[in-house]
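J.: The following block contains a protein sequence and its predicted model.
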Amino acid sequence: MKSIKRIIRMMSLGAIVIAGASCSQAEKKTEEAGFRYLIDEFADLKVMRYRIPGWEELSLRQKEYVYHLAEAAKWGRDIYFEQNCEGNLRLRKVIEKIINEYAGDRTTADYLSFEVYAKRVFFSNGVHHHYAEDKFFPECSKEYFASLMESVGAFDQGILDFVYDRETGQQRRSTSQEGDIVTLSAVNYYEGVTRKEVEDYYASIEDKNDPRPIAYGLNTKVVKQDGKVTELPWCVGGLYSDLITKICDELEKAAAVAENDTQRKCISLLVDYYRTGDLRKWDEYNVAWVGELEGTVDFVNGFVEDYNDPLGRKGAWEGNVNIKDHKASERTEILSANAQWFEDNSPVDPRFRKPEVKGVSAKVINVACISGDSYPSTPIGINLPNADWIRKEYGSKSVTIANITHAYDQAANESPNNMLDEFAWDDAEKELIRKWGSYADEIHTDLHECLGHGSGQLLPGVATTAMGEYSSTLEETRADLFGLYYSADPKLVELGIMPDAEAYKAEYSSYIRNGLFTQFTRVELGAKNTEAHMQNRKLIAQWCYEKGLKDNVIEKKTRDGKTYFVINDYPALRNLFAELLAEIQRIKSEGDYEAGKNLVETYAVNIDPQLHKEVLERYAKLNLKPYGGFVNPDIVPVVKDGKVVDYTLEYTDSFLDQQLKYGRDYSL
């Protein structure tokens, strides 16, 4: 099972939170001048802008480095569209042509419905919801959609049928307990093969005695040719060749202005990997990348996360360019320096702890560009690389993304309604969360990313893929539990990370309420809970609620016909977190697939229909959007006398305009 490395923003969902938000004085002045973070809302989505604190403090060379890394990131966008489902890219190009060229009435209900659908496709990088993974459909008729296509000379019967097909490919990543999850999934990772054929194929080529195994299948599509299962690589000369060539070109331009030799080495290895498809090169790159700690600018670029693959092998393409926040990183550096203490005092069996924690580096960053699997919806924390052997021998990099968290909080402040007033039990709970909620959430994220994913070890002979389709959920559960357990530890107060011994309670209250109840504003009534992070949170909250019933640790209360979840005993809840963490770590360390499956299926999947109906009704009255994403600032070269003398930032106020621009400038 991979050590999954990211956490999706789950804290506020529209709650007004104040404590812990930070921004530069220049940023504050801009906000006072009327800068708005929230720029668009449609369907169940909101789109925001983020700022890049510290941009003006960068040297011209550093800005140029960021610029070319960002260009490399944008060139991968089409890859991700195509990975999510085979018809996505063709559909997007038809949509772009309609929006750019349609000469008819754009004020009709039908056209406005089409435009909302178009925005949803752009936001989700395809026809499946970016989070729930179910296929969505236009509210305008098939006939009207066809007329739009015809009006701009782009009629395509295959694409039209693809848009309105309600029989096949209804989930991007199938979680069905009946049928073949490979053939039922819409993702474009497999073609003409069954789950058994794929698993048999990899079993036949994996070297189970290799102490440094490659990530078999990370950068390939599995197909059947002449009756034989084989892989088609994603590399120069393989699938996505032209786009990957563009990525390499920009990476090489970036290398020419990199901050140090280690960064240049990293980029050289990454380009070699892209040109060859050799996963040993990918590992070499990750080892070098983990060791690059001196630069201010950093990046992620490649086939990384396996969330979208029903079998947890294939890497979705993503890009992230970021700038270190040196002042804010002091907190995460303290955690890194004490990583061994946290490992040694973890409430898990000593057999499953790492005797020596190596290379845990952590920092706070501000993103300058997000793309692919990180765009528009992006994580607020990252922990990489995924290979267990690299993490054990060389360590990992963990980051908390400050400007994204800040943008979420500022956008929430721009809304007149909030979740906290509706779903918190009393004024004392609200006051606690308003005081410490944002900050305590950031600390939990730090612990999750900086230490949680890097903690623990597999027993000899246990495969990293042992948890199969449950790997993502169980790994996120493990990292979240690690963060929750240590959020309440006196060590954090001693280290000066937590302000006092009570602040952690804000995170515990928000987490339990969200895991048991409010996160299901994101799920249609009657549907199951299928997304890995949402499953992780429900597993933890539901398990603790049920295990603590006899002691009334978490109490379900009702008032005026409304349900609330109230923590009565915070220390007892922490003990439950410890108990569950110990079991999850055992499951992973021993490769106990059946025990992991049982936990997920028992506690993480099914939603109480009455609670679900209630939360949807209460949430609807708030007129909030449960999902958020971002547009990137444009990094614009300033040319004088034929020479670039600066790079400035321009902040678009239109989600649609940015999508069309990217379609024009970064697509072949």
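T.: Received, thanks.
J.: residue boundaries of the helices in the stretch 51-200 of the chain?
T.: 60-74, 77-84, 88-101, 109-124, 142-151, 157-164, 181-184, 195-205 (DSSP state H, counting those that start in this stretch).
J.: Please list all residues in contact with L251.
T.: 68-69, 72, 267, 270-271, 274, 301 (CB atoms under 8 Å, 6 or more residues apart in numbering). No exception for glycine: its C-beta is placed from N, CA and C like everyone else's.
J.: which element is it on?
T.: Per DSSP states H and E, L251 falls inside helix 241-256.
J.: Likewise for K556?
T.: strand 554-559.
J.: Could you check that strand and say which residues are buried?
T.: I554 (16 or more other CB atoms under 10 Å).
J.: and the helix or strand following that strand, which strands flank it?
T.: Sequence order places strand 562-567 as the next helix or strand after strand 554-559, per DSSP H and E. Each strand paired with strand 562-567, and its direction, by DSSP bridges: strand 554-559 (antiparallel).
J.: Now the nearest residue to Q535 once chain neighbours are set aside: phi and psi?
T.: Closest residue to Q535 apart from its sequence neighbours, by CB to CB, 6 or more residues apart in numbering: A604 at 3.8 Å. According to degrees, to the nearest 10, the main-chain angles of A604 amount to phi -110, psi -20.
J.: which residues touch L616?
T.: 520-521, 525.
J.: hey, C-alpha coordinates of the helix or strand it falls within in CSV?
T.: For L616, the element it lies in under DSSP H and E is helix 609-620. Extracted C-alpha coordinates of helix 609-620, given in CSV (Å, rounded to 0.1, in the frame of the first residue of the first chain):
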residue,chain,number,x,y,z
PRO,A,609,-30.5,8.0,5.8
GLN,A,610,-32.3,10.1,8.4
LEU,A,611,-29.2,12.0,9.4
HIS,A,612,-28.3,12.4,5.8
LYS,A,613,-31.7,13.9,4.9
GLU,A,614,-31.5,16.2,7.9
VAL,A,615,-28.1,17.6,7.2
LEU,A,616,-28.9,18.2,3.5
GLU,A,617,-32.1,20.1,4.5
ARG,A,618,-30.3,22.3,7.1
TYR,A,619,-27.4,22.9,4.8
ALA,A,620,-29.6,23.9,1.9
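J.: residues of that helix that come out buried?
T.: 612, 614-615, 618-619.
J.: how long is stretch 311-320 from one end to the other?
T.: With CA to CA, to the nearest Å as the measure, stretch 311-320 spans 25 Å from end to end.
J.: Averaged pLDDT, it. What do you get?
T.: Mean pLDDT, computed over stretch 311-320, is 97.
J.: Tell me the buried residues in that stretch?
T.: Those would be 311-320, for stretch 311-320 by 16+ other CB under 10 Å.
J.: Pick out whichever of the residues you listed sits closest to E555.
T.: Using CB to CB, G312 is the member of the buried residues of stretch 311-320 that lies nearest E555, at 36.8 Å.
J.: what's the spacing between stretch 301-315 and its chain's center?
T.: 12 Å (CA atoms, centre = their mean, to the nearest Å).
J.: thinking again about what came up before, in JSON lines: the helices of the stretch 51-200 of the chain, plus mean pLDDT and mean neighbour count.
T.: Listed next are the helices of the stretch 51-200 of the chain as JSON lines, based on pLDDT from 0 to 100; neighbours: other CB atoms under 10 Å:
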{"stretch": "helix 60-74", "mean pLDDT": "98", "mean neighbour count": "23"}
{"stretch": "helix 77-84", "mean pLDDT": "98", "mean neighbour count": "25"}
{"stretch": "helix 88-101", "mean pLDDT": "98", "mean neighbour count": "19"}
{"stretch": "helix 109-124", "mean pLDDT": "98", "mean neighbour count": "20"}
{"stretch": "helix 142-151", "mean pLDDT": "98", "mean neighbour count": "16"}
{"stretch": "helix 157-164", "mean pLDDT": "98", "mean neighbour count": "15"}
{"stretch": "helix 181-184", "mean pLDDT": "97", "mean neighbour count": "19"}
{"stretch": "helix 195-205", "mean pLDDT": "97", "mean neighbour count": "14"}
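J.: Give me the distance between the nearest residue to L38 once chain neighbours are set aside and V116.
T.: Excluding the flanking residues, the one nearest L38 by CB to CB, 6+ apart is A411, at 4.3 Å. When distance is defined by CB to CB, to the nearest Å, A411 is 20 Å away from V116.
J.: ditto for I214
T.: Distance, I214 to V116, using CB to CB: 43 Å.
J.: Now do stretch 600-607, average pLDDT.
T.: The average pLDDT for stretch 600-607 rounds to 97.
J.: measure it end to end?
T.: End-to-end distance for stretch 600-607: 13 Å, by CA to CA.
J.: Buried residues in it, which are they?
T.: Residues 600, 603-605, 607 are the ones in stretch 600-607 that count as buried (16+ other CB under 10 Å).
J.: ok, then the element right after the helix holding L616?
T.: As the chain continues past helix 609-620, the following element, by DSSP H and E, is strand 627-631.
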